[in-house]
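**Q** next input, structure requested:
(one chain, ligands or ions: 1)
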Amino acid sequence: MARKKSTTKKSTAKTKKPLQIPSFKLNRLQQVILGSALMVFSLLLLFSFTSFLFTGAQDQSIIEELGGRSVVTQNWISQLGAWLGHVFIYKGFGIPAFSIAIMTFISGIYLFASGDDAFSLSRKRISNLWFWGLLLMLWFSVTLGFFHKSNALLGGKVGYELNDFLQDYLGLIGAVLVMVFIAIVYLVLRLKLTPEIISAYFSKKAGEVKEEFDGIASTDEESEWEKATVEGSSLEDETVTEEPINLSGNDMEVTVPEEEIIPEPVLKKTVAPKDEDDIGMDIEPTQEEEEVDNKASKLVEDFGEFDPTLELSNFQFPPIDLLKDYTKGKTITINEEELQANKDRIVETLKNYKIGIAKISATIGPTVTLYEIVPEAGIRISKIKNLEDDIALSLAALGIRIIAPIPGKGTIGIEVPNQNPSIVSMRSVIASPKFQNAEMELPIAFGKNISNETFVVDLAKMPHLLMAGATGQGKSVGLNAILTSLLYSKHPAEVKFVLVDPKKVELTLFNKIERHYLAKLPDSEEAIITDNSKVINTLNSLCIEMDQRYDILKDAMCRNLKEYNAKFKARKLNPANGHKFLPYIVLVVDEFADLIMTAGKEVETPIARLAQLARAIGIHLIIATQRPSVNVITGMIKANFPARISFRVMQKVDSRTILDSGGADQLIGRGDMLYTAGNELIRIQCAFVDTPEVEKITDFIGGQKAYPDAHLLPEYVGEDGGTSLDNNIDDRDAKFKEAAEIIVVAQQGSASLLQRKLKLGYNRAGRIIDQLEAAGIVGGFEGSKARQVLIPDLASLEVFLNEESNK
Ligand SMILES: Nc1ncnc2c1ncn2[C@@H]1O[C@H](COP(=O)(O)OP(=O)(O)OP(=O)(O)O)[C@@H](O)[C@H]1O
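**A** Predicted coordinates:
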């Protein structure tokens, strides 16, 4: 333990001291120009150096005269070439100086080809390249210095002098040994080569050769099976055989190092009685878990982890170019006069209220600038808070928001809108390293915060989102930004959307990706739900999906979807038992007020139920509304949606309803928003993505190979329709009787029990349970508890079924 601690300490100490790279930032155009310049210069070096090898001797005599126009040289690059060759090869490092030309060329390519976001990566690469490259060049130069006598150009003057210096003090043998030692240090540090790695490499090579021989002798049967499993890529088809895998092949002698010899498992052990009065006890260790794990690791070894994306393995994510760059590479322009004027007005205004300022600083965001004020000692913050409206009036600008104090700091913030707000393009936030490198389940890039940093959050952690804003303030754009973020980060196998759009226009574009990303009810034509009555069915169907997922997760002994999917990928769950990879489901409701007004409780109840329970099983809700009044956003809804966004609303009371505090009424519109995840409010400029951009993205995805149908949600039949609980004996499943017997014997009405005993898929087991309920053999659904069994024993069941068939 103590040892472990010291290693962590060491590593943190190490990470504290990163390689310092000069912090300059080039825009894309500058990168391209500099990249091309470096490439051209490297070619000049290459030609100069190569030519110098042949012409250097002739040009030697005129080297002092270089610079005059009349000087004639033999070098291909004329005077410049002769000079470069003389400096770098003759006076410098000899032949190894060619590496300077090569490194310059590679640096040029890095700059030329790296996009905006790869720039910081390129910088790191370039500095790494030069650091190690120059060391290597110096080493070669000094080593070639040993052969100076045969050719002075080999190691150049630097190589010769350093070599000579070494030899003066260490002699020839000493110098050679030092150079060998330096080479070893280089290999160990740079290539991490150790004797173990080298020997492992050679033994692996030997192993590969042996495998090749063994491979010829292995049976065809095994490879056929492997092929079939990999090719049978449909999720439904992907079954894992229950039979143990037979490893046929040659007999092999295996030597296991002593400490690795695994003791024979003790299968049956007995505790002997202590004395004559005591009784002994048999202990039977349960081994099931381990066996499953072993088989799973064997399967993973043979076929690799399960890949949910296999069915659409050629799916291409939309390229970033489909998004428009509204800023055209421009960063926020700072108008110094505006800054100064605002500062003066703030200082003046506060002075009128007898509030002295010790310090003031400004942070410029895309839409607003935050002036941070440290009041003079002795001034109470509440005083400033109380004067909020007066200060706003004196500053006479719309959208002033006072944050007193700024959470976590002892300062006061005054947000003042910029005269020329800049648009935050969706493109810039999607391309940001923060989004690209986000290790999140459902990353969403909302836009940029006041410090102009990209704001990315994980929808899976929220876990549901409530969104409000008066009409025309940017809600639809916000929803599109959310959906776009997910389309740019998640494969169709990983996330499905259920889209509810009573306004009938906002989300229609997503119809094109129905068979990739949308989920719908089995009997519905359109995947996007525009009809309020259908919404109720869909919400109830999602509740069924939620219950089914809970059952499946319980059966797999997983606490949440992430764990479950990881276990499924590791092939620890058998598809024959109803297990399958489960995508996240994101429900988006564009106008919630409309729904609540027409359907009331019928909508509120399933929404509240989903919001309360669905987080663990990967169903997340995003609900948007124009009217954040208390009869729309009820207490029950609010309690279950900790993450909220508000665009501009017209009244303070609306802001209070949605955010539990004022502020949203002071926003300036056009995507200016406040986000809260339960504690502080964060002001964000929402990223802008226009309809034509969404259209391009959906066209791009829609044009690719798709699943045969949208993802189907479980069937839900409303109370007045023909119910799935019809007690029609003829329609019963062939295994109905057998299932009834199992349930009655176990006195436990659970679908997973039927799945295990009868080896059924989840859906079929679920249907049988419904039929048993309709027949009156088991009771109704009771949440996470198993259903009650209403028949006490097999004899009663027999009588019950006979009576039923005689009716
Ligand atoms: N993030 C943003 N950046 C810049 N402009 C924006 C942004 N969001 C919205 N706008 C501007 O505001 C207009 C209205 O936005 P949007 O359609 O999203 O409003 P809305 O709140 O959905 O309105 P409604 O409820 O009536 O549909 C857009 O057409 C656009 O011009």
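
**Q** and the residue of the chain nearest the ligand?
**A** G671 (2.2 Å; C-beta to the nearest ligand atom). The C-beta positions use only the backbone N, C-alpha and C, and glycine is treated the same way.

**Q** ramachandran coordinates for that residue?
**A** Dihedral pair for G671: phi 90, psi 0, per degrees, to the nearest 10.

**Q** run through the neighbouring helices and strands of the helix or strand containing M137.
**A** According to DSSP states H and E, M137 maps onto helix 119-144. Counting contacts by 3 or more C-beta pairs under 8 Å, 6 or more residues apart in numbering; DSSP states H and E, helix 119-144 packs against helix 98-113, helix 156-191.

**Q** ok and that helix relative to helix 156-191, angle-wise?
**A** Helix 119-144 runs at 120 degrees relative to helix 156-191, counting by axes from the mean of the first three to the mean of the last three C-alpha atoms, to 10 degrees.

**Q** for helix 119-144, buried residues please.
**A** Under the neighbour-count criterion of 16 or more other C-beta atoms under 10 Å, helix 119-144 has 119, 122-123, 126, 129, 133, 136-144 buried.

**Q** what is the orientation angle of it with helix 98-113?
**A** With the same axes, to 10 degrees applied, the angle from helix 119-144 to helix 98-113 works out at 170 degrees.

**Q** quick one on the thing from earlier: what's the most buried one of the helices and strands packed on helix 119-144?
**A** Highest mean neighbour count among the helices and strands packed on helix 119-144 (mean count of other C-beta atoms under 10 Å): helix 98-113, with a mean of 19.

**Q** show me what that helix is packed up against.
**A** Secondary elements touching helix 98-113 (3+ C-beta pairs under 8 Å, 6+ apart): helix 28-59, helix 119-144.

**Q** and the helix holding M137, how far from the chain's centre?
**A** 33 Å (C-alpha atoms, centre = their mean, to the nearest Å).

**Q** before we move on, what about stretch 313-333?
**A** How far stretch 313-333 lies from its chain's middle: 18 Å, per C-alpha atoms, centre = their mean.

**Q** so which residues on the stretch 351-500 of the chain come close to the ligand?
**A** Counting by C-beta under 6 Å from any ligand atom, the stretch 351-500 of the chain comes close to the ligand at 423, 469, 471-477.

**Q** looking at the residues you listed, which are in strands?
**A** Of these, none are assigned to strands by DSSP state E.

**Q** of the residues you listed, keep whichever come out buried.
**A** Buried subset of these (neighbour count, 16+ other C-beta under 10 Å): 423, 469, 473-477.

**Q** ok, N449 touching P366?
**A** No. N449 is beyond contact range of P366, at 9.0 Å (criterion: C-beta atoms under 8 Å).

**Q** so between these two, which is more surrounded?
**A** The residue with more neighbours, out of N449 and P366, is P366; 25 against 18, by other C-beta atoms under 10 Å.

**Q** which bits of the protein sit near the ligand?
**A** 423, 469, 471-477, 626, 670-671, 686, 688.

**Q** so of these, which ones are in helices?
**A** Under the assignment DSSP state H, these contribute 475-477 to helices.

**Q** rewinding a little: adding distance to I658 and mean pLDDT, write the helices and strands packed on helix 98-113 out as JSON lines.
**A** What follows is the helices and strands packed on helix 98-113, written out as JSON lines (distance: least, C-beta to C-beta, whole Å; pLDDT from 0 to 100):
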{"stretch": "helix 28-59", "distance to I658": "39", "mean pLDDT": "88"}
{"stretch": "helix 119-144", "distance to I658": "38", "mean pLDDT": "82"}
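
**Q** could you dump those helices to TSV with distance to I791?
**A** Output for these, formatted as TSV (distance: least, C-beta to C-beta, whole Å):
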stretch	distance to I791
helix 28-59	74
helix 119-144	67
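
**Q** what's near enough to touch N532?
**A** 502, 594-595, 598-599 (C-beta atoms under 8 Å, 6 or more residues apart in numbering).

**Q** what's the answer for R615, then?
**A** 463-464.
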